[in-house]
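1. Would you be able to build a 3D model of this:
(one chain, ligands or ions: 2)
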Amino acid sequence: MKSSSKNQNNKRVLTGIKPSGFPHLGNYLGAMRPAIELQDDFEEAFYFIADLHSLTTVRNAKEHQEFIRGVTLDFLALGLNPQKTTFFRQSDLPEHAELAWIFSCITPFGLMERAHAWKDALAKKLKEPTVGLFTYPVLMAADILLYQTDLVPVGKDQKQHVEIARDIAEKFNSTFGETFKLPTPSIPDNIASIPGTDGEHKMSKSYKNTIEIFAPEETIRKQIMGIKTDSTPVESPKDPEHDTVFKLYALIANTTETENLRDKYLAGGFGYGDAKKLLAEKYLQFFAPAREKRIELAKDLGYLDDVLKSGAQKAKKIASQTLATVKEKVGLIL
Ligand code: ADP
Ligand code: TRP
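-> Ligands and ions are numbered 1, 2, ... in the order given. Next up, the predicted model:
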């Protein structure tokens, strides 16, 4: 069904994922799955490992290599098809960093200061907030605009960064003449923000409240059993709408399964421990095919390198063209 519409849609879709840790349910439902689904609807989809962005946080080379390989495996295991998409690594294309510099020369300082992610970083009182973290959205704008992207699937927390990319595109266009398309963020409805296991924040590596996708089974069970719940006693009825275990279950179970669990909550006599066990079984079942596929893929790292290399070659054709146009417009070509 989906593939029949593919050729009718000549818009370009692009997203990046930062290799800075192990993916969790929030990354999957908020960013990876929507991106993977779009590969069937769009003639041209660009997906890349944002390994220049992860330099803002990762400080160990070996760990960084593992994260980069890891995210590549994760994406392929979860269904990204390198035949249907251009799948590459940001640092393989120097055009990203070069365009980012050109953009940083026209981007108002105040625009960066208003970025939520930067304000959050300051609020967390990082020991040493870096220039790279401050100008993170400029590099992201370069990622998006280099490919004349129409649509950028991201989680809710990245929406503002895509809007900043639009602002930078408009600024460039008005300064040097029409050059860039204005991108639009695509945020999946109803799964805009997946709650974390602390029952307080959104699920995020930085809050350490995640349920991972590819961790060993015991780790996943432990993360699920650690979900914070209220103190309603086992025998009392419970409110499914205000419980993280139920919310997470509803995101991965089908309607009948979800309704069954809702009935158990409302009836009472069913404890949060029981609900967590049910969630753990569902979770492992939900990700079983991807977990098996990842084990197979990991046996041939040469294949991963080939996929990324050929993706970089395809991406280069467009990125180098856009950069050449930009250099001409700003007077860097004599
Ligand atoms: P983290 O917060 O764990 O560091 P990232 O910032 O690396 O995750 O986000 C990677 C992608 O996953 C982004 O597009 C982001 O919007 C999405 N994402 C992360 N956490 C969530 C969440 N809790 N709910 C929905 N989407 C999320
Ligand atoms: N900043 C994004 C994140 O943290 C990753 C990213 C980098 C990205 N460049 C991008 C996402 C371009 C979309 C488009 O998740």
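2. Which residues of the stretch 101-250 of the chain lie near ligand 2?
-> The stretch 101-250 of the chain comes close to ligand 2 at residues 140, 143-144, 152, 154, 158, 161, as judged by Cβ under 6 Å from any ligand atom. For the C-beta atoms, the positions are set from N, CA and C on the backbone; glycine is no exception.
3. In strands, which of those residues appear?
-> Among those, the ones falling in strands (DSSP state E) are V152.
4. list the contacts for the closest residue to ligand 2 within the chain?
-> Proximity to ligand 2, evaluated over the chain using Cβ to the nearest ligand atom, is greatest for G16 at 3.1 Å. Residues near G16 by Cβ atoms under 8 Å, 6 or more residues apart in numbering: 47-50, 53, 90, 140, 143.
5. In space, what's closest to it - neighbours in sequence excluded?
-> Nearest non-adjacent residue to G16, counting by Cβ to Cβ, 6 or more residues apart in numbering: A50, 3.8 Å away.
6. tell me the contacts of the one you found?
-> Taking Cβ under 8 Å, 6+ apart, we find A50 in contact with 16-19, 90, 140, 143.
7. Can you flag the buried ones in those residues?
-> Using 16 or more other Cβ atoms under 10 Å as the burial test, the contacts of A50 include 16-19, 90, 140, 143 as buried.
8. Return the member of those nearest to ligand 1.
-> Distance to ligand 1, by Cβ to the nearest ligand atom, is smallest for K18 among those, at 4.6 Å.
9. just to revisit the earlier point, output the contacts of A50 in a markdown table; the columns should cover secondary structure and pLDDT.
-> Output for the contacts of A50, formatted as a markdown table (DSSP: H, G, I helix; E, B strand; the rest coil; pLDDT from 0 to 100):
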| residue | secondary structure | pLDDT |
| --- | --- | --- |
| G16 | strand | 95 |
| I17 | strand | 92 |
| K18 | coil | 93 |
| P19 | coil | 95 |
| Q90 | helix | 98 |
| M140 | helix | 98 |
| D143 | helix | 98 |
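10. ok, K309 - contacts?
-> D92.
11. Work out for me the element it sits within.
-> K309 is part of helix 301-330, with elements assigned from DSSP states H and E.
12. gap between that helix and the chain center?
-> Its chain's average C-alpha position is 21 Å from that of helix 301-330, according to Cα atoms, centre = their mean, to the nearest Å.
13. Is it in proximity to ligand 2?
-> No - if you take Cβ under 6 Å from any ligand atom as the test, helix 301-330 misses ligand 2, and the best it gets is 12.7 Å.
14. Just the buried positions in the helix or strand where T256 lies, please.
-> Assignment of secondary structure by DSSP H and E places T256 within helix 255-267. Of all the residues in helix 255-267, those buried under the rule 16+ other Cβ under 10 Å are 258, 261-262, 264-265.
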